[in-house]
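Peer 1: quick one: sequence plus predicted model below, questions after.
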Amino acid sequence: MSEKNREGKRTARQKLAAEREKQKSKDKRRRALIVGASVVCVLGLAAVIGVVAANAGKDDGSESAGPIVAPSGAQGKDSLAIPVGEESAKSTLVVWEDFRCPACKAFELAYRDTIHELTEAGQLKVEYHLATIIDGNMGGTGSRKSANAAACAQDAGRFTPYHDVLFTNQPAETDDAFADESKLIDLAGKVDGLDTALFQECVEGGKHNSWVEKSNEAFRSGGFSGTPTVLLDGRNIYQDRSMTPAKLKQLVQDANK
């Protein structure tokens, strides 16, 4: 074999090795990103993955015109909070979320069971506030339409299970799948008793669109850095690096002693 051929094969092997190493690095970064999203939320770090600055998060307002109709049972200033849990609970968790926000999904998957346990035990009240910052920053209407659908589910007394279904079935951040009302109605089929003609009419008619827009305006003017924003009795626990579901449970139980 000539020196030229040997050199050619050596170069080819080096290129192949370099490509393999490059692909391994890409795979490693991809795995780190996926794991990182969950770890960030479990540890309660400041929003880093899938969070967009709130001051840039105003959606285009289309389809939002009309009277502001708050969902049944909404509470707080301008009736913008959807309450879950007993009113008498000694601890209150305020959660600002966007159904298109990946970090919100990561938070929900990490803390959901603990939050359900505490609300069902009468120890924690949760006030959910809905935002649409991903619509404003990524384009589309999926944040608003899914928030409207969640408000429609609140009218039907099915907010919590539908809220959980939306996050469990959240599309990729760049995929505006929740802009399709038929998708939102299909997902309602996963919640007992929700997929009714009244719910469908509420979703397709955008009954709570203006309410959702008002909620998003409250988020933008509230001085929050992004979603999710999670406040336990006024303390931002999402920015607490030491926070875990177990620690949240202990804090709530201590407050109820």
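Peer 2: Arrived safely, thanks for sending.
Peer 1: for the rest of this, base every contact and every neighbour count on C-alpha atoms.
Peer 2: Will do.
Peer 1: pick out the residue closest to the middle of this structure.
Peer 2: Central residue of the chain (C-alpha atoms, centre = their mean): Cys104, 3.0 Å from the mean position.
Peer 1: excluding sequence neighbours, find me the nearest residue to that one.
Peer 2: Nearest residue to Cys104, sequence neighbours excluded (C-alpha to C-alpha, 6 or more residues apart in numbering): Pro228, at 5.1 Å.
Peer 1: who touches that neighbour in this structure?
Peer 2: 47, 51, 95-98, 101, 103-104, 107, 238 (C-alpha atoms under 8 Å, 6 or more residues apart in numbering).
Peer 1: that older thread, which element is the residue nearest to the centre of the chain on?
Peer 2: Taking DSSP states H and E as the criterion, Cys104 maps to helix 102-120.
Peer 1: quick check: buried residues in that helix?
Peer 2: Across helix 102-120, burial judged by 16 or more other C-alpha atoms under 10 Å covers 102-111, 114-116, 118-119.
Peer 1: now do that helix: distance to the chain's middle.
Peer 2: 10 Å (C-alpha atoms, centre = their mean, to the nearest Å).
Peer 1: returning to what we had before: any idea which of the contacts of Pro228 the model trusts least?
Peer 2: Lowest pLDDT among the contacts of Pro228: Ala47, with 35.
Peer 1: so where's the stretch 1-150 of the chain shaky on pLDDT?
Peer 2: Residues of the stretch 1-150 of the chain that meet the criterion pLDDT under 70 lie in 1-65.
Peer 1: ok, back up a step: tell me the backbone dihedrals of the residue nearest to Cys104, please.
Peer 2: Dihedral pair for Pro228: phi -80, psi 150, per degrees, to the nearest 10.
Peer 1: which parts of the stretch 151-257 of the chain are strands?
Peer 2: Ranges of strands within the stretch 151-257 of the chain are 229-232, 235-236, based on DSSP state E, counting those that start in this stretch.
Peer 1: chain center to the shortest one, what's the gap?
Peer 2: Centroid separation for strand 235-236 versus its chain: 18 Å, with C-alpha atoms, centre = their mean.
Peer 1: contact partners for Ala150?
Peer 2: Listed by C-alpha under 8 Å, 6+ apart, the contact set of Ala150 reads 159, 162-163.
Peer 1: cutoff 10 Å now
Peer 2: 71, 82, 99, 130, 144, 156, 158-164, 166, 184, 188, 203, 208 (C-alpha atoms under 10 Å, 6 or more residues apart in numbering).
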